[in-house]
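Novice: no sequence for this one, just the structure:
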């Protein structure tokens with residue numbers, strides 16, 4: 001801990017930390033953390049965009065929490081994440097998340113749900129590359145891609 005913060009009278013108790021964090025603006029703290037992480041992480045990394053349900057976060061008062069996150073594989077850290085509703089379409093959340101994080105020079109991976117023209121355009125605009133899963137839920141694109149690879153490799 002002394003590497004980051006000098007505490008001559010030892011570390012404060014959890015109540016003190018709780019009170020400090022209660023006073024902080026969550027969006028400002030998030031912005032600061034995202035900027036700090038962006039500086040410390042590997043450049044030209046693989047950033048995986050994915051939706052997850054936080055295990056154990058549901059109880060009798062509320063349903064489980066769901067998030068869209070941008071995870072840097074090389075550093076094993078999350079660049080950013082957004083909470084989303086259970087039935088929310090991630091197509092609208094992914095562009096918001098991409099606005100929050102620095103992906104310049106990275107390879108962004110995502111599942112087929114994120115293989116949308118506007119999302120890919122945003123990735124390209126932010127000077128990143130993409131590797132997005134393709135499934136048969138888009139039959140024409142799937143067929144064109146399959147035909148292309150058959151033509152190239154056969």
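Specialist: Thanks, I have it. These numbers were taken from a predicted model, which means no experiment stands behind them.
Novice: Show me the residue sitting in the middle of the chain in space.
Specialist: When the chain is reduced to its mean C-alpha position, the nearest residue by C-alpha atoms, centre = their mean turns out to be residue 70, at 1.6 Å.
Novice: pretty sure that residue is in a strand, no?
Specialist: Yes: read with DSSP: H, G, I helix; E, B strand; the rest coil, residue 70 is one of the residues of a strand.
Novice: Check whether residue 85 really touches residue 67, as I assumed.
Specialist: No: in this structure, residue 85 is not within contact of residue 67 by C-beta atoms under 8 Å, at 10.9 Å. Every residue, glycine included, has its C-beta placed from N, CA and C.
Novice: Neighbour count: the two, which is higher?
Specialist: For the pair residue 85 and residue 67, the greater number of neighbours falls to residue 67 (18 against 10), based on other C-beta atoms under 10 Å.
Novice: strand partners of the host helix or strand of residue 67, parallel vs antiparallel please.
Specialist: Under DSSP states H and E, the secondary-structure element containing residue 67 is strand 66-72. Here the strand partners of strand 66-72, with direction, are listed using DSSP bridges: strand 46-53 (antiparallel), strand 77-84 (antiparallel).
Novice: wait, which of those strands is closest to residue 27?
Specialist: The closest of the strands paired with strand 66-72 to residue 27 is strand 77-84. By C-beta to C-beta, the value is 11.5 Å.
Novice: Now do the contacts for the closest residue in space to the residue nearest to the centre of the chain that isn't next to it in sequence.
Specialist: On the basis of C-beta to C-beta, 6 or more residues apart in numbering, the spatially nearest residue to residue 70 that is not a chain neighbour turns out to be residue 79, at 4.3 Å. Listed by C-beta atoms under 8 Å, 6 or more residues apart in numbering, the contact partners of residue 79 are 34, 37-38, 41, 47, 69-72, 101-103.
Novice: Repeat that for residue 54.
Specialist: Contacts were defined as C-beta under 8 Å, 6+ apart; by that measure residue 54 touches 64-67.
Novice: so what's the residue nearest to the centre of the chain bridging to?
Specialist: Here residue 70 sits in beta bridges with residue 49, residue 80, as judged by DSSP bridges.
Novice: close enough to count as contact, it and residue 81?
Specialist: Yes: shown here, residue 70 and residue 81 form a contact pair, counting by C-beta under 8 Å, at 7.1 Å.
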